[in-house]
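Student: Would you be able to build a 3D model of this:
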Amino acid sequence: MRGRLRIYLGAAPGVGKTFRMLDEGHRRSQRGTDVVVGYVETHGRPRTAELVDRLESVPRTTMTYRGAAFTEMDIDAVIARQPQVALVDELAHTNVPGSRNEKRWQDIEELLDAGIDVISTVNVQHLESVNDVVERITGVPQRETVPDEVVRRADQVELVDMAPEALQRRMAHGNVYPPEKVDAALGNYFRVGNLTALRELALLWLADKVDDQLDRYRADHDIKGTWEARERVVVALTGGPEGDTLIRRASRVADRSKGADLFAVHITRSDGLTGANPANLARQRALVESLGGTYHQVVGDDIPQALLDFARGINATQLVLGASRRGRFAQILSRGVGVNTTALSGPIDVHMVTHEGAKRGRREDRLPALTRRRRGAGFVLALAGMPLLTLMLANLRGELSMPSDILVFLVGVVGVALAGGLYPALVAAILGSLLLDYYFTLPLYTFTIAETENVLALMAYVLVAFAVSTVVDVAARRTREAARASAEATVLATLSGSVLGGEHSVEAILERLRETYGLSVVTLLERPPDTPVTPGRHHEPQRWRVVATVGGRPCTSPDDGDAEIPIDDDLALVLCGPTPSAADQRVLEAFAAQAAVALRQQRLEEEAGRVRPLAEADRMRTALLSAVSHDLRTPLASAKAAVESIRSPDVRWSEEDLRELVDTAAESLDRLDRLVSNLLDMSRLQAGALAMSVQPLAVADIVQRALDYLGQGAGDVRVQIPEDLPEALADPGLLERVLVSLVSNALRYTPAVQDLLVTASALGDMLEIRVVDRGPGIPAAERDRVFVPFQRLGDRDNDTGVGLGLALSRGLAEAMGGAIEPEETPGGGVTMILSLPVAARRLDIGAWHDETEGAASEESPPARPEQGQ
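Tutor: A predicted model of the protein is given here:
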């Protein structure tokens, strides 16, 4: 039997999740349950450590990674112990590379499969679905995440809640972080605004899980009624112009209840022949989604029942309908959707919203059953065929009876109906009844009918003729509607396929429309935002501007085209060429709506492109403030302490002590100088203001100078550079600086200096310098991250700088026309490949060289880089 999982969810670190988990473990232990601690991190909190000490703990397993020892939960030991309950902290934790599972939640799955109940903890910022939201709120990326489905599958999820002010007081008392970290935490991640937003995220996420549990319970117990646990507003859309009014009204209804959900639903018939206007539905769907709602489409022939089935299925509490557009006479014959829905709604509140089209009658663009030519042929056949039948039957008057004459005339009416439709058939039926009465009913040649039986026969003839004509006409109309729907579906499917295939630009959609209808020009016009709407001057060219066009000369106003398709108040689609028929209007409006959506998407992408550099700069600024706080304070504090010690009149220092204090101050200030230089150079790189003096140079000389700069520690580095290697085109000072960074970074991770190799070779018009180490290597997924500013692989210490070394080196290489790429060293380790243009390419980049000439010189000593692999 699989174990049960219980999770304590918190909005932020320090709210008490681990404490609550341990408290629950003690409560169960006192009740006689076998409880063990699988893994709990106390973070140096005495009360947490006390609770852990009072429970049995399964020994952890120790793993070595990059020369450091780390402890993880021993899964096999816990399973072998076979407790009833295991306490496992930090559900989203990433295990040390080399562990059996990548994530701790995968370890917990093994315990659950072994029949062990597990109690765990997780913070809302680690949930995958809200990870990006948390980063936007706090400015701190969360790399350890857990799939939402893992938490949703838990048997119990309990929120550990705490007011932001109470959490800040807990931090100030030193109950969460050590005293030296409290100020920085309160001023950054743990601001009241951040904590309030995280708290709301946790509450909303848990509310959604509770909704899922409620839905499962109602489904399991076959509960059809509505439980008003949460307001859900459904608005019914017909595709008519009144839909916008209904959506906005439904949104206002939902806004009155905090956290209410908005749903829009359109019911389509199962035969698919009488669909709504797709352009209206596309616009209304965009409106619903912009208001935070969702759009749904349901198939059903009984509209009131389908609508209520959908509403009950989502546990809706309110339903918004538009007042009927049917006229008074039609409402007398049938109550309509609104009245029937209200009568069957039960506990669901129904809002009937009036609009401009209410009770004005339905204005549907119905296809004619037959073409005009066929209807004309039907009228000719009726007017000529009925007299011919009369002449034929008159010659057979002695052989046929009255019922036979009526049947022959009925066959004629059916023939007219097949040929010309309803109205020619009605004319044929009326004309046939008159001819039957005049020529074949006693007394002859009068419109008087002597026998009652003949009266009934003629009445039956007229009714049957009318019924048959109606059936034939409806069948013909349905056939044409089906053919038209199939053609529209093919066109719309082609449009959708082109969009899904990547043709999402406005021009691609307009070109597809032009090809479909054989048009010469298709132009999308837009009214500038500041243009006033003046009656009678709507079509003036100066009031429009061309957004996109395909074909020949673009239309500059709606009057320039043969047809205009208004999209909204500020957009119009103008067509030149064969004028589309009225039956094509729905598809044309669908194209227009898709073009408008593509235009909005294109502009959003452009806006995002403009905002992205600002967001990146803001992210860089945030990372800078958080990363350099420690690195600036440490050398300053060391230098200040050394200088104050020297100045102290209370202590007599020996000459050796004074020298050591001066060296300490000098070393600290040198470290500070390197940090500030790196920060300034990174800023210049990002601003494109880094000056260079690019010239041909011998790589072997620059490599040797870089090794000399690194001192004795790099003396045993092996160098293999061919004598016939061509010269590289680079700035001598910047290239030396890049090599110092790469080699010092490799020295840091290579066990023996003799294992470090620097080679160079020419490859086409590029020259490659390789720094090969035999260290622990970099996982493939992490290779790009080591070049991100303010990042150190692992983020496990703050003693090696802010992580600018590799980021700055790549930036300097790219500024010189080169690149730096990492690859795996065969047998283990990392090879950093520095690519530079050979000197032969100097003429190709002469203009660029002229712009950068005269800045950094060969004599400029490189600042020792921050190391950041």
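Student: and residue 342, how many neighbours does it have?
Tutor: Close neighbours of residue 342, defined as other CB atoms under 10 Å, add up to 17. Placement of C-beta: from N, CA and C, glycine included.
Student: Enumerate the positions of the strand or helix carrying it that are buried.
Tutor: Using DSSP states H and E, residue 342 maps to helix 337-344. Across helix 337-344, burial judged by 16 or more other CB atoms under 10 Å covers 337, 338, 339, 340, 341, 342.
Student: Identify the neighbouring strands of the next helix or strand after it in the sheet and state each direction.
Tutor: Per DSSP H and E, the first helix or strand lying C-terminal to helix 337-344 is strand 349-353. Next to strand 349-353 in the sheet, as set by DSSP bridges, lie strand 318-322 (parallel).
Student: pLDDT on the partner strand, on average?
Tutor: When pLDDT is averaged over strand 318-322, the result is 89.
Student: Now render the buried residues of helix 337-344 as a markdown table, adding pLDDT.
Tutor: Shown next, in a markdown table, are the buried residues of helix 337-344 (pLDDT from 0 to 100):
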| residue | pLDDT |
| --- | --- |
| 337 | 80 |
| 338 | 79 |
| 339 | 81 |
| 340 | 83 |
| 341 | 85 |
| 342 | 85 |
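Student: With distance to residue 552 as new columns, can these be given to me in JSON lines?
Tutor: Output for the buried residues of helix 337-344, formatted as JSON lines (distance: CB to CB, whole Å):
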{"residue": "337", "distance to residue 552": "47"}
{"residue": "338", "distance to residue 552": "49"}
{"residue": "339", "distance to residue 552": "54"}
{"residue": "340", "distance to residue 552": "53"}
{"residue": "341", "distance to residue 552": "51"}
{"residue": "342", "distance to residue 552": "55"}
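Student: what about the helices in the stretch 101-250 of the chain?
Tutor: 104-113, 131-138, 148-152, 164-172, 179-187, 192-220, 243-255 (DSSP state H, counting those that start in this stretch).
Student: if you average pLDDT over each of those, which comes out lowest?
Tutor: When I compare the helices of the stretch 101-250 of the chain, helix 179-187 is least confident, with a mean of 66.
Student: how about the helices of the stretch 501-650 of the chain, start to end?
Tutor: 506-517, 585-647.
Student: a markdown table for those helices, including distance to residue 33?
Tutor: Below are those laid out as a markdown table (distance: least, CB to CB, whole Å):
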| stretch | distance to residue 33 |
| --- | --- |
| helix 506-517 | 64 |
| helix 585-647 | 43 |
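Student: I'd like to know which of those helices is closest to residue 96.
Tutor: Closest to residue 96 of those, according to CB to CB: helix 585-647, at 23.9 Å.
Student: how about the helices of the stretch 501-650 of the chain, which one is nearest residue 399?
Tutor: helix 585-647 (55.9 Å).
Student: tell me the mean pLDDT over the closest one?
Tutor: 72.
Student: thinking again about what came up before, would JSON lines of the helices of the stretch 101-250 of the chain with distance to residue 716 and mean neighbour count be doable?
Tutor: Converted to JSON lines, the helices of the stretch 101-250 of the chain look like this (distance: least, CB to CB, whole Å; neighbours: other CB atoms under 10 Å):
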{"stretch": "helix 104-113", "distance to residue 716": "42", "mean neighbour count": "20"}
{"stretch": "helix 131-138", "distance to residue 716": "44", "mean neighbour count": "16"}
{"stretch": "helix 148-152", "distance to residue 716": "50", "mean neighbour count": "17"}
{"stretch": "helix 164-172", "distance to residue 716": "49", "mean neighbour count": "16"}
{"stretch": "helix 179-187", "distance to residue 716": "40", "mean neighbour count": "13"}
{"stretch": "helix 192-220", "distance to residue 716": "50", "mean neighbour count": "15"}
{"stretch": "helix 243-255", "distance to residue 716": "72", "mean neighbour count": "19"}
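Student: Need the ones you listed in CSV (columns: distance to residue 317).
Tutor: Shown next, in CSV, are these (distance: least, CB to CB, whole Å):
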stretch, distance to residue 317
helix 104-113, 36
helix 131-138, 27
helix 148-152, 24
helix 164-172, 32
helix 179-187, 42
helix 192-220, 13
helix 243-255, 10
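Student: just to revisit the earlier point, most tightly packed of the helices of the stretch 501-650 of the chain?
Tutor: helix 506-517 (a mean of 20; mean count of other CB atoms under 10 Å).
Student: circling back to that earlier point, out of the buried residues of helix 337-344, which comes closest to residue 28?
Tutor: residue 341 (51.8 Å).
Student: buried set for whichever strand or helix holds residue 820?
Tutor: According to DSSP H and E, residue 820 maps onto strand 819-824. Judged by neighbour count using 16+ other CB under 10 Å, the buried positions of strand 819-824 are 820, 822.
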